[in-house]
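A.B. asks: Provided below for reference: sequence and predicted model.
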Amino acid sequence: MRFPSKGDCLAFLKAQGLAPATVIDVGVHAATPELITAFPAARHLLIEPEPAHAPAIARAYAGVDHTLLQCAASDQDGQIQIRSVAKGQGAAITHSYVGGSKDVPEAGGRQVRQARLDTLIAETGAVPPYLVKIDTDGHEKQVLAGAPDTLAQSACVIVEATTDTLSDRLRALERAGLRLFDIIDLAYYFDTLSQVDLVCVNPAVFDPPGLSPWRRQTFEPRQWREFEPLSARAGHYWRRLAGRLLGRS
């Protein structure tokens with residue numbers, strides 16, 4: 001049984017035939033190592049409005065075919081305000097928030113280019129099929145709204161969502177013709193589910209049989225498994241082993 005992580009999910013999809021010509025990473029921050037590992041030969045189109053991340057991006061993607069666009073993906077073209085902050089104990093920027101009024105910028109805010117994802121794809125000549133990852137600190141809905149053509153040519157789309165925005169994000173993806181495949185990278189805050197990544201596939205572009213095992217004519221009970229963390233599985237193993245040893249004594 002695979003773990004509900006980005007790395008394991010991408011490895012499974014790749015084994016099923018997922019082979020994007022272009023990986024579109026919206027809100028790349030410093031890097032998305034799982035996408036580099038899964039698709040090192042693809043072109044990586046990296047969208048990141050915070051210039052402070054550029055040196056780390058250059059190091060992480062050395063030897064990988066990539067293009068860095070220092071702008072914010074959104075639902076329209078023009079200018080938008082961005083405010084970058086460092087949360088936690090470190091001084092490095094951890095979050096970049098998009099929005100606000102260009103006429104009355106917030107403290108520490110600045111103006112950057114914003115563009116629809118469809119506009120950026122047309123400008124760069126990115127080749128489909130695409131794999132799109134969107135992590136924009138709450139601006140995901142606007143990114144999706146500006147990408148109808150891109151989504152139509154995407155085999156897989158990964159979108160970060162909080163528990164408050166999950167249903168809204170999923171509806172937007174479903175309206176674009178995508179289907180939920182997995183929920184990964186579950187994050188808990190004070191033992192309360194706070195954030196997940198939604199993994200959706202586009203049946204019009206990528207629909208191998210392995211993504212729909214319930215369509216098989218016969219049910220395979222041995223393949224029906226409920227998720228357990230490794231520690232729990234290890235505990236079951238040792239209890240079974242102890243039972244066998246005690247039974248033989």
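C.D. replies: Received it, and whenever you're ready, just let me know what you need.

A.B. asks: run through the bridge partners of I184.
C.D. replies: When bridges are taken as DSSP bridges, the partners of I184 come out as D197.

A.B. asks: mind checking how far it is from G109?
C.D. replies: Note on I184: its distance to G109, by Cβ to Cβ, to the nearest Å, is 32 Å. (Glycine included, C-beta is placed from N, CA and C.)

A.B. asks: what's the answer for R179, then?
C.D. replies: Where G109 is concerned, R179 sits at a distance of 38 Å (Cβ to Cβ).

A.B. asks: out of these two, which sits in the more crowded spot?
C.D. replies: Each of R179 and G109 has its neighbours counted (other Cβ atoms under 10 Å); G109 has more, 19 against 13.

A.B. asks: go ahead and confirm that one touches Q81.
C.D. replies: Yes: assessed by Cβ atoms under 8 Å, G109 is found in contact with Q81 at 4.7 Å.

A.B. asks: in stretch 113-127, which residues are buried?
C.D. replies: Along stretch 113-127, the positions that meet the burial threshold by neighbour count (16 or more other Cβ atoms under 10 Å) are R113, Q114, A115, R116, L117, D118, T119, L120, I121, A126.

A.B. asks: save these as JSON lines, and put in distance to E228, pLDDT and secondary structure too.
C.D. replies: As requested, the buried residues of stretch 113-127 are exported to JSON lines (distance: Cβ to Cβ, whole Å; pLDDT from 0 to 100; DSSP: H, G, I helix; E, B strand; the rest coil):
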{"residue": "R113", "distance to E228": "46", "pLDDT": "92", "secondary structure": "strand"}
{"residue": "Q114", "distance to E228": "44", "pLDDT": "94", "secondary structure": "strand"}
{"residue": "A115", "distance to E228": "44", "pLDDT": "96", "secondary structure": "strand"}
{"residue": "R116", "distance to E228": "42", "pLDDT": "97", "secondary structure": "strand"}
{"residue": "L117", "distance to E228": "38", "pLDDT": "98", "secondary structure": "helix"}
{"residue": "D118", "distance to E228": "42", "pLDDT": "98", "secondary structure": "helix"}
{"residue": "T119", "distance to E228": "45", "pLDDT": "98", "secondary structure": "helix"}
{"residue": "L120", "distance to E228": "42", "pLDDT": "97", "secondary structure": "helix"}
{"residue": "I121", "distance to E228": "41", "pLDDT": "97", "secondary structure": "helix"}
{"residue": "A126", "distance to E228": "40", "pLDDT": "97", "secondary structure": "coil"}
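
A.B. asks: L18 contacts C156, correct?
C.D. replies: Yes: distance between L18 and C156: 6.0 Å, which falls inside the contact criterion (Cβ under 8 Å).

A.B. asks: ranges for the helices of this structure?
C.D. replies: Taking DSSP state H as the criterion, the chain contains helices spanning 6-15, 33-38, 54-60, 117-124, 140-145, 148-152, 166-175, 230-248.

A.B. asks: ok, the closest residue to Y130 other than its chain neighbours to R113 distance?
C.D. replies: On the basis of Cβ to Cβ, 6 or more residues apart in numbering, the spatially nearest residue to Y130 that is not a chain neighbour turns out to be S154, at 4.3 Å. Using Cβ to Cβ, we find S154 at a distance of 23 Å from R113.

A.B. asks: I47 now?
C.D. replies: Computed with Cβ to Cβ, the distance linking I47 and R113 is 11 Å.

A.B. asks: where do the contact lists of those two overlap?
C.D. replies: Any residue near both I47 and R113 by Cβ atoms under 8 Å, 6 or more residues apart in numbering counts here, and that gives C71, A72.

A.B. asks: residue ranges in the chain under the pLDDT threshold?
C.D. replies: Across the chain, the stretches falling below the confidence threshold (pLDDT under 70) are 84-97, 99-108, 216-217, 229-244, 247-249.

A.B. asks: one more pass at 80, please.
C.D. replies: With pLDDT under 80 as the threshold, the chain has low-confidence stretches at 1, 82-110, 215-217, 225-249.

A.B. asks: and Y61, how many neighbours?
C.D. replies: Applying other Cβ under 10 Å, we find 19 residues neighbouring Y61.

A.B. asks: thanks a lot, see you next time.
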